[in-house]
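In: could you look at this predicted model? Sequence included:
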Amino acid sequence: VKKTVPPGILPVAAIDRDSDTPLYRQLYEGYRDAIAERRLRAGQRLPSTRSLAAELRISRIPVLNAFDQLTAEGYFESRVGSGTFVARSLPEELSRAALRKADGNPMGRPGSRTISRLPSTLVRSSAQPWFQGPGAFSIGQPPVDRFPVKVWSALVARHSRTGDPGLLHYSQSMGLPDLREQLAEYLRTSRGVRCEADQIMIVNGSQQAVDLAARVLLDKDSPVWLEDPGYFGARKALRMSGARIVPVPVDEEGLDVEAGIARSPRARAVFVTPSHQCPLGVTMSAARRLNLLDWARREGAWIIEDDYDSEYRFGNLPVPALQGLDRDSRVIYIGTFTKMLFPALRLGYVVLPRDLVSPFSTIRRGMDFFSPTFSQAVLADFIREGHFERHIRRTRLLCHERREALVAALGRAFGSSVRVPGDAAGMFLTAEFPDGRDDQAIGFRAAPLGVRALPLSECYDGRPRRRGLVLGYGGVRPAEMETAVSLLRQAYDAAEARPTRSPLREIGRRVAGDARD
Ligand SMILES: Cc1ncc(COP(=O)(O)O)c(C=O)c1O
């Protein structure tokens, strides 16, 4: 293969042919200023003198002269066979120039720089280390260590080679028809969802689905029920829409529908995780499901069902989706490939009542038009060729094994000081502290040890009624479980030794939202 030197990015260099300043000098100063102002950075590739001269439509001589001088003064360096680069160590005077520029930092400038109030209502004042970076027990981690990378890469390569221009153009806001067909079949069979392909919209993860549902269904100050404790991602998306969140308690049967009715009988919508409540892990009882559907029909409310990890149930059969019981087209059913495949794929889906297809498409076109076509095509093949089913079956066994290892390790390390409510399902569990130990203090102490333990109290909108830690086990190998749990025990002991209710964190707690960016 012939070695080609990649071209450098051409600078925005204004050349004035009528100026008294010679061309080489204009170029020299243009580059020097670009470096001083840090528009060009150390190590960055420069265009060849030939292509720069051609681009600027000037002779090559002034370009050569300018480059020679910049090289002689230490701004540029050339590497044989690779081209010319901005020098990695820059002249001393430049550091001073850069400092002068930094003094002019726009954040320090006077005058109005007004932005919306939204960001400040979503960000907590204190850092939340349980969301920062990877670590044992992060709840967003499926077992990516066992993802069939080779199969996936082969499908990616196959689609890259086809050169199908259809994959390169704008596409439909509902998503790739092929993928929607595959999904409709899967959801009808495996999840008991009543749907046809034309009701399915492919989205960039379930987070986008909740955002979209909130924009379509809710107006500013519309009351919306949210499970309390509930899923922090949904809380954030709903809050962004300006809707009024009504926290509704969750017990062993799931969302307490009667409590919701007592608090806000005419709510416009409800967000629920009936198959595996996030974060308590309970399954919504049949009676509560019927109550919820009944209330929605009576009041004309919408039910947003987040069915994010229900493929993973251990020991008993999967619970069919709430959507399958709905006879009044009130349920907006959301699913994601984050848990089944991997989070970075950013693909999920919404099954819509037919009359919502058009409003959802309209709003989607105002957001990002549609999800990346290429990944959708790869995923459609992955499902059609049976890799998807195979992977889920394998992952189910794996997660079961990981859950059992975690429960056993917790039992050994904590004995009766922890309780695990909820069903054996999904990729996380909640370890509850019946003595009400400060779960935030433990979360803060666990983080420097490499353990990401989400405090249960963080998942409440109202006053936290239970304390514990939400622990994702999907990404922790059984062999690592014992060590991770012993670190957790250290954090637990340290939290008892020194109570840590810092006033800063208390302020943080009162400010809504979470820091998972
Ligand atoms: C309740 C719940 N829904 C959905 C998701 C996944 O969201 P997404 O599909 O946007 O990655 C998670 C991930 O942690 C979750 O806990």
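Out: Received the coordinates, thanks.
In: pLDDT below threshold where in this protein?
Out: 1-8, 10-13, 92-110, 124-126, 497-517 (pLDDT under 70).
In: select the longest helix from it.
Out: Longest helix in the chain by number of residues (criterion: DSSP state H): helix 387-414.
In: and that one, what does it pack against?
Out: Packing partners of helix 387-414 (3 or more Cβ pairs under 8 Å, 6 or more residues apart in numbering; DSSP states H and E): strand 428-432, helix 478-497. Where you see a C-beta, it was placed from the backbone N, CA and C, and this is true even at glycine.
In: what's the closest of these to residue 72?
Out: Nearest to residue 72 among the helices and strands packed on helix 387-414 is helix 478-497 (56.1 Å), distances taken as Cβ to Cβ.
In: elements contacting that closest one?
Out: Secondary elements touching helix 478-497 (3+ Cβ pairs under 8 Å, 6+ apart): helix 387-414, helix 439-446.
In: wouldn't residue 249 be in contact with residue 228 here?
Out: Yes - using Cβ atoms under 8 Å, residue 249 is in contact with residue 228, at 5.7 Å.
In: what sits in contact with each of these two?
Out: Common contacts of residue 249 and residue 228 (Cβ atoms under 8 Å, 6 or more residues apart in numbering): none found.
In: more neighbours: the two, which one.
Out: residue 228 (23 against 15; other Cβ atoms under 10 Å).
In: list the contacts for that one?
Out: 247, 248, 249, 250, 460, 461, 462.
In: drop anything exposed from the residues you listed.
Out: 247, 248, 250, 460, 461 (16 or more other Cβ atoms under 10 Å).
In: any idea how far apart the tips of stretch 241-255 sit?
Out: By Cα to Cα, to the nearest Å, the extent of stretch 241-255 from end to end equals 22 Å.
In: for it, which positions count as buried?
Out: Buried, per 16+ other Cβ under 10 Å, within stretch 241-255: 241, 243, 245, 246, 247, 248, 250, 253, 254, 255.
In: next up, phi/psi of the fourth one, please.
Out: The phi and psi values for residue 246, taken as degrees, to the nearest 10, are phi -110, psi 110.
In: ok so, going back, got the buried residues for the longest helix of the chain?
Out: 387-388, 391-392, 395-396, 398-403, 405-407, 409-410, 413-414.
In: next: stretch 328-344.
Out: 329-342.
In: then stretch 57-70?
Out: So, applying 16+ other Cβ under 10 Å, buried residues of stretch 57-70: 58, 62, 63, 65, 66, 67, 69, 70.
In: pick the one among the residues you listed closest to residue 51.
Out: Out of these, the member with the shortest distance to residue 51 (by Cβ to Cβ) is residue 63, at 9.6 Å.
In: about what we covered before: of the helices and strands packed on helix 387-414, which is nearest the ligand?
Out: strand 428-432 (7.4 Å; Cβ to the nearest ligand atom).
In: quick one: is that closest one near the ligand?
Out: No - under the criterion of Cβ under 6 Å from any ligand atom, strand 428-432 makes no contact with the ligand; the nearest approach is 7.4 Å.
In: which other residues reach that strand?
Out: Contacts of strand 428-432 (Cβ under 8 Å, 6+ apart): 139, 278-281, 403, 406-407, 410, 414, 418-422, 456, 466-474.
In: mind doing that once more with 7 Å?
Out: Applying Cβ atoms under 7 Å, 6 or more residues apart in numbering, the external contacts of strand 428-432 come out as 139, 279-281, 403, 406, 410, 418-422, 456, 466, 468-473.
In: just want the angle from that strand to helix 387-414.
Out: 20 degrees (axes from the mean of the first three to the mean of the last three Cα atoms, to 10 degrees).
In: buried sites along strand 428-432?
Out: Neighbour-count burial for strand 428-432 flags 428, 429, 430, 431, 432 (criterion: 16+ other Cβ under 10 Å).
In: go on, stretch 209-227?
Out: Buried residues in stretch 209-227 (16+ other Cβ under 10 Å): 209-218, 222-227.
In: would you work out how far apart the start and end of it are?
Out: 17 Å.
In: residues in the stretch 251-400 of the chain within reach of the ligand, list them.
Out: Close to the ligand, as judged by Cβ under 6 Å from any ligand atom, the stretch 251-400 of the chain has residues 273, 278, 306, 308, 336, 338, 343, 348.
In: ok, the nearest residue to the first one once chain neighbours are set aside - contacts?
Out: Of all residues beyond its chain neighbours, the one nearest residue 273 is residue 306 (4.9 Å), with distances taken as Cβ to Cβ, 6 or more residues apart in numbering. Taking Cβ under 7 Å, 6+ apart as the contact definition, residue 306 lies against 206, 231, 234, 271, 273, 334.
In: who's residue 306 bridged to?
Out: On the basis of DSSP bridges, residue 306 is bridged to residue 334.
In: just use 25 as the starting number from now, easier for me
Out: Sure, I'll start counting at 25 from here, so that last one is residue 330.
In: what's the distance between it and residue 362?
Out: 11 Å (Cβ to Cβ, to the nearest Å).
In: neighbouring contacts of stretch 500-515?
Out: Taking Cβ under 7 Å, 6+ apart as the rule, stretch 500-515 contacts 160-161, 425-426, 429-430, 433-434, 437-438, 466, 469-470, 473-475, 477.
In: what comes up buried for it?
Out: Within stretch 500-515, the residues that count as buried by 16+ other Cβ under 10 Å are 500, 501, 502, 505, 508, 509, 511, 512, 513, 514, 515.
In: so which of the residues you listed are also by the ligand?
Out: Near the ligand, by the rule Cβ under 6 Å from any ligand atom, you find none of the buried residues of stretch 500-515.
In: what residues does the residue of the stretch 75-224 of the chain found nearest the ligand make contact with?
Out: Using Cβ to the nearest ligand atom, the closest approach of the stretch 75-224 of the chain to the ligand is made by residue 164 at 4.4 Å. Residues in contact with residue 164 (Cβ under 7 Å, 6+ apart) are 367, 496.
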